[in-house]
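*Asks:* Need coordinates for the below:
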Amino acid sequence: MRPRGLAAAALGVAALAGCGTPGAASPPAAPPTAAVPAASPSAAWTPPPDPARTARPLGKPGRWRVTTYYTAVEKYHGGEPKAVRGCPRLHCKWGSTPLGSYPEDFLKIIRVEGSGRITEGPRAGRYLNWSSSTGWWLDTTPRDSGARPLRAWESAAADRDVLARGQRFTIAGCGRNGTGKTVPAPVCTLFQRATWTVTDVFRPGWGGEHHADLYLGEETGPGFTRSPQYTTLHGATLVVA
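*Replies:* Coordinates of the predicted model:
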């Protein structure tokens with residue numbers, strides 16, 4: 001289950017954050033742009049249909065709040081090293097095995113986002129994960145609460161009363177960002193190109209009737225939370241894929 005802004009809570013396995021193959025997958029490549037036919041007396045070009053009008057909407061159009069989450073990367077964070085104890089493998093709760101020492105800032109982010117890729121020391125390449133229901137553990141891939149690997153620009157979480165697990169959807173309208181401005185076209189296009197699948201549900205009380213959370217993969221550099229992709233879409237429209 002994915003509570004936004006808190007550590008992900010796993011259903012006896014893993015937190016929604018996870019460990020995956022190193023390196024976040026890139027957003028899908030842009031489709032080739034079709035050339036607009038030249039106007040002629042006998043035929044007028046008709047624009048393609050608007051997906052927001054032709055696809056079946058999920059919930060109320062223009063009412064969704066869409067948030068994002070990601071996997072932290074150790075080398076982009078600093079702070080005093082802090083020792084961590086937990087489980088050396090999946091399917092374990094509240095272990096006491098030493099798991100190594102990591103930068104304090106890195107650990108703070110993992111407690112919010114749920115997972116981080118280790119880049120230093122003997123455990124480099126593995127993932128350090130956190131769940132409020134299982135504690136710390138080492139893994140090989142980011143996972144949702146059902147222990148399924150998270151997939152960048154594909155995996156999503158939502159309230160179970162609105163979007164069931166397995167529901168596929170696309171974003172037909174991005175609405176506005178946190179400052180109340182229209183989401184820039186290049187950013188909106190990134191979200192619209194992707195097809196999202198609900199693989200996780202929010203802990204009761206953390207989701208909301210029109211709230212979806214989208215997994216972006218691993219952070220790509222320092223200050224990732226200031227990048228255009230790490231955003232919140234207010235007043236978005238979701239449609240069935």
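*Asks:* where in this structure is pLDDT low?
*Replies:* Applying pLDDT under 70 to the chain picks out residues 1-54, 203-208.
*Asks:* Would you map the helices across it?
*Replies:* 51-54, 104-113, 185-193 (DSSP state H).
*Asks:* residue contacts, the residue nearest the centre of the chain?
*Replies:* Nearest residue to the geometric centre of the chain (C-alpha atoms, centre = their mean): Y215, 1.2 Å. Residues in contact with Y215 (C-beta atoms under 8 Å, 6 or more residues apart in numbering) are 68-70, 142, 150-156. Any C-beta I mention is one placed from the backbone N, CA and C, and that applies to glycine too.
*Asks:* Compare those and tell me which has the most neighbours.
*Replies:* P142 (33 neighbours; other C-beta atoms under 10 Å).
*Asks:* Give me the nearest residue to P88, chain neighbours excluded.
*Replies:* T97 (5.0 Å; C-beta to C-beta, 6 or more residues apart in numbering).
*Asks:* what's that neighbour in contact with, if anything?
*Replies:* 85-88.
*Asks:* Please work out how many residues are found near D200.
*Replies:* 25.
*Asks:* partners of K82 in the sheet?
*Replies:* For K82, the beta-bridge partners under DSSP bridges are Y102.
*Asks:* got the contact list for the nearest residue to A72 once chain neighbours are set aside?
*Replies:* The shortest distance from A72 to any non-neighbouring residue, by C-beta to C-beta, 6+ apart, is to G116 (3.8 Å). Going by C-beta under 8 Å, 6+ apart, G116 touches 71-74, 102, 106-107, 109-110, 127-129.
*Asks:* Quick check: the residue lying closest to the residue nearest to the centre of the chain once chain neighbours are set aside vs Y69, distance?
*Replies:* Closest residue to Y215 apart from its sequence neighbours, by C-beta to C-beta, 6+ apart: S155 at 4.2 Å. As judged by C-beta to C-beta, to the nearest Å, S155 and Y69 stand 10 Å apart.
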